[in-house]
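Chemist: Whatever this is, show me its structure:
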Amino acid sequence: MPRKGMRTIFFKSSPISSPPPSSPRRTFSDSLMEENIATAEFLITKWDYSDSASASGSSHGSRLTTPLFTGTRNEAKQYLNAVTGLQSAMQYLVARDSTSTTLVRAQFLMQLAMKTLQKEFYRILSSNRDHLDPETVSVSSRSSVDRPSSVSDYDDEISEEEFTFTAGNSISETERVSMLAMEDLKAIAESMIACGYGKECVKVYTIMRKSIVDEALYHLGVERLNLPQVQKMDWEVLELKIRSWLKAVKVAVGTLFHGERILCDYVFSAASEKRIAESCFAEITRDSAVMLFGFPEMVAKCKKLTPEKMFKTLDLYEAISDHWPQIESTFSFESTSTVRSQAVTSLVKLGEAVRTMLTDFESAIQKENSRKPVPGGGVHPLTRYVMNYLTFLADYSGVLTDIIADWPQSPMPVPESYYRSPTREENENENASEISERIAWLILVVLCKLDGKAELHKDVALSYLFLANNMQYVVVKVRRSNIGFLLGEDWLANHKLKVKEYVSKYERVAWNKVVAALPENPTAAGEVAARACFVAFNAAFREECRKQSSWVVSDPKLREEIKGSIGSMLVLKYSDFFERNRVGLESGMGILPGEIGHYLNDILHGSEDSGSLSSPHRYNRR
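Modeler: Numbers count the residues shown, from 1 in each chain. You can find the predicted model right below:
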């Protein structure tokens, strides 16, 4: 056979058919994603208790109507795991085929799941208002060391009752419910944010929690006021609002805002969600906090502030100052800087108001021009007013340290030796020295005014008694208050000496005529001269006692000391003269030495209008 024929036989061509079109090979990942979607569909439709599901009917006859996050947390864990698996499946499908019908079905399931979780989030926040109050949250947060970090970390069969043991046996029922609610909220928030539904979660959270904060402040008596409203208020009304604010700020800073910060930080605690926690907290508390800390600024700008209003103003300053560390810590975010700024602004304005009132107070002392002498030489109303004022002022020495730190010195600076004891520590706070100087200066101003008012008394002895009374009142007030600590022992000792000097001058001037009625040498006078001395002494003594029966020494201890000093001086000299010249005296002609003390008992008590019984000016600090 020809070679060509053989080639024809062995190499004869036959028609070649085209291979069938190949379908994509199924991989293990494909199967896993389909399984995730199927599991998610079963659980999501099972727990879909929306109105649309009720109307259309569920593809699963076992669709539940009870809340997901109740009873054991096994169902919640399964549901959240299914959502996580669904999200992974969606990401896988987008990478493989973004137009597949399976992806569309998965997206629908995800929307359904997010609606369910959003409703659960709202339900937990709404039904646990009492258990998620800031005070309970604060306590619960301190008990969270040993508890699971989220619902997904629970044992599969953990129940609400078993959670008590997991979290600690010592917690109360309220704390247990609070801790469970916080765990549920955190788990839902993590799931919704991870799936791209953080906006919906945050919206529900901020609306619910902001209403709680606003309601709490309302019940605390915090009102939304503006400056014109405050300016128009009578001081009595404004004072009531200040008192209400002072109580409210303790709760607001120490519990309300602090608890909200803890809850926000916990619910949105995942590292990638820090900004969400910040924005939520700012949205919930910023407006309310600015309103709260704005009230003191409006008070500081009030035109009704006079020196008598000083102490309520200092109370406001002290409240903000004392709470400043917690204010700064709670509102540490940049988005809440307006809260910190408002608190600082209020402090600045309150400080300015206090300095103005101190200036007005000093000016009022210097301008006091009453020309009516105090009956009986008692304590002047100006002395009582100023010293009672300064006594209360010294109780605020802590905040006054900040307020007057950079304030210009007094027009006539007081030498440090006037108000500082050399025994005090040399390294003592310099600002405390400024407070001491300011108070010492104000006392000096009033003492100078009293020197002028002493001249209103026509009787020189009474003018000295007036100065002794007022100086003694000042010394006692300083010794019994914080002023004594500020001015020191040397100041007190120096002014006690001044009291003794005034008393000594009073005794010398008032009783000089009585003493002068007796001769220097009791044996030099004859019987006639002695009789004349007895008559002169008796007349002078009785007249002085009569005159001084309307005079007053307000301090009981000082009054007895003065009487004792006068009695000792007179009895000593009169007794000697009496014993040497009593022969020949007619019976009952003169005062017996033992009767001098009885006569002196009736002097220096004054009357009700002499200042001895008047009550000091009082201030209501709180």
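Chemist: low-scoring stretches of the stretch 51-200 of the chain, by residue?
Modeler: For the stretch 51-200 of the chain, applying pLDDT under 70 flags the ranges 51-65, 95, 97-99, 139-171.
Chemist: ok, now with 80
Modeler: 51-66, 71-73, 92-101, 134-172, 174 (pLDDT under 80).
Chemist: Quick one: the helices in the stretch 51-200 of the chain, in order.
Modeler: Counting by DSSP state H, counting those that start in this stretch, one finds helices in the stretch 51-200 of the chain at the ranges 51-56, 74-96, 101-127, 134-142, 160-167, 173-194, 198-219.
Chemist: of all these, which lies closest to residue 375?
Modeler: With C-beta to C-beta as the criterion, residue 375 lies closest to helix 198-219 of these, at 53.5 Å. Glycine gets a C-beta too; all of them are placed from N, C-alpha and C.
Chemist: Break the chain into its domains for me.
Modeler: What automatic domain parsing lists as the domains of the chain is 28-172+185-192, 207-353, 365-507, 509-610.
Chemist: Rebuild those as CSV, extending it with mean neighbour count and distance to residue 178.
Modeler: Listed next are the domains of the chain as CSV, based on neighbours: other C-beta atoms under 10 Å; distance: least, C-beta to C-beta, whole Å:
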stretch, mean neighbour count, distance to residue 178
domain 28-172+185-192, 17, 4
domain 207-353, 18, 10
domain 365-507, 18, 37
domain 509-610, 16, 60
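Chemist: In CSV, list those domains along with distance to residue 359.
Modeler: CSV is the format used below for the domains of the chain (distance: least, C-beta to C-beta, whole Å):
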stretch, distance to residue 359
domain 28-172+185-192, 42
domain 207-353, 9
domain 365-507, 9
domain 509-610, 30
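Chemist: follow-up on the earlier one: could the helices of the stretch 51-200 of the chain be laid out in TSV, adding distance to residue 490?
Modeler: Formatted as TSV, the helices of the stretch 51-200 of the chain follow (distance: least, C-beta to C-beta, whole Å):
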stretch	distance to residue 490
helix 51-56	84
helix 74-96	74
helix 101-127	64
helix 134-142	49
helix 160-167	61
helix 173-194	57
helix 198-219	50
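Chemist: Among these, which comes closest to residue 513?
Modeler: Taking C-beta to C-beta, helix 198-219 is the member of these nearest to residue 513, at 73.5 Å.
Chemist: quick one: low-confidence parts of the stretch 351-500 of the chain?
Modeler: For the stretch 351-500 of the chain (pLDDT under 80), the answer is 405-433.
Chemist: if you set the cut-off to 50 instead, what comes out?
Modeler: Counting by pLDDT under 50, the stretch 351-500 of the chain contains low-confidence ranges at 423-428.
Chemist: how about the helices of the stretch 351-500 of the chain, start to end?
Modeler: Taking DSSP H, counting those that start in this stretch as the criterion, the stretch 351-500 of the chain carries its helices at 381-394, 397-403, 416-419, 430-454, 460-479, 482-487, 489-516.
Chemist: Let me have those in CSV, extended by distance to residue 288.
Modeler: Output for the helices of the stretch 351-500 of the chain, formatted as CSV (distance: least, C-beta to C-beta, whole Å):
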stretch, distance to residue 288
helix 381-394, 32
helix 397-403, 25
helix 416-419, 45
helix 430-454, 34
helix 460-479, 43
helix 482-487, 36
helix 489-516, 48
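Chemist: Now the phi/psi pair for the residue nearest the centre of the chain, please.
Modeler: Closest to where the C-alpha atoms of the chain average out (C-alpha atoms, centre = their mean) is residue 319, at 2.7 Å. The phi/psi pair for residue 319 (degrees, to the nearest 10) reads phi -60, psi -50.
Chemist: OK, contacts around it?
Modeler: Under the criterion of C-beta atoms under 8 Å, 6 or more residues apart in numbering, the contact list for residue 319 reads 245, 246, 249, 250, 296.
Chemist: cool, residue 451 as well?
Modeler: With contact taken as C-beta under 8 Å, 6+ apart, residue 451 is in contact with residue 467.
Chemist: before we move on, what about residue 135?
Modeler: 255, 259.
Chemist: same question, residue 600
Modeler: Residue 600 makes contacts with 545, 563, 566, 567, as judged by C-beta under 8 Å, 6+ apart.
Chemist: If we use 7 Å, what do you get?
Modeler: Residues near residue 600 by C-beta atoms under 7 Å, 6 or more residues apart in numbering: 563, 566, 567.
Chemist: Tell me the confidence at the first one?
Modeler: Looking at residue 563, its pLDDT stands at 92.
Chemist: so how far is residue 602 from it?
Modeler: Using C-beta to C-beta, to the nearest Å, we find residue 563 at a distance of 10 Å from residue 602.
Chemist: ok, now the second one?
Modeler: In this view, residue 566 and residue 602 are 12 Å apart by C-beta to C-beta.
Chemist: same check, this time on the last one
Modeler: The span separating residue 567 from residue 602 equals 13 Å under the rule C-beta to C-beta.
Chemist: go on, residue 202?
Modeler: 84 Å.
Chemist: returning to what we had before: which one of the helices of the stretch 351-500 of the chain lies nearest to residue 37?
Modeler: Among the helices of the stretch 351-500 of the chain, helix 397-403 comes nearest to residue 37, with 65.0 Å by C-beta to C-beta.
Chemist: Surely residue 354 touches residue 313?
Modeler: Yes: in this structure, residue 354 is within contact of residue 313 by C-beta atoms under 7 Å, at 5.8 Å.
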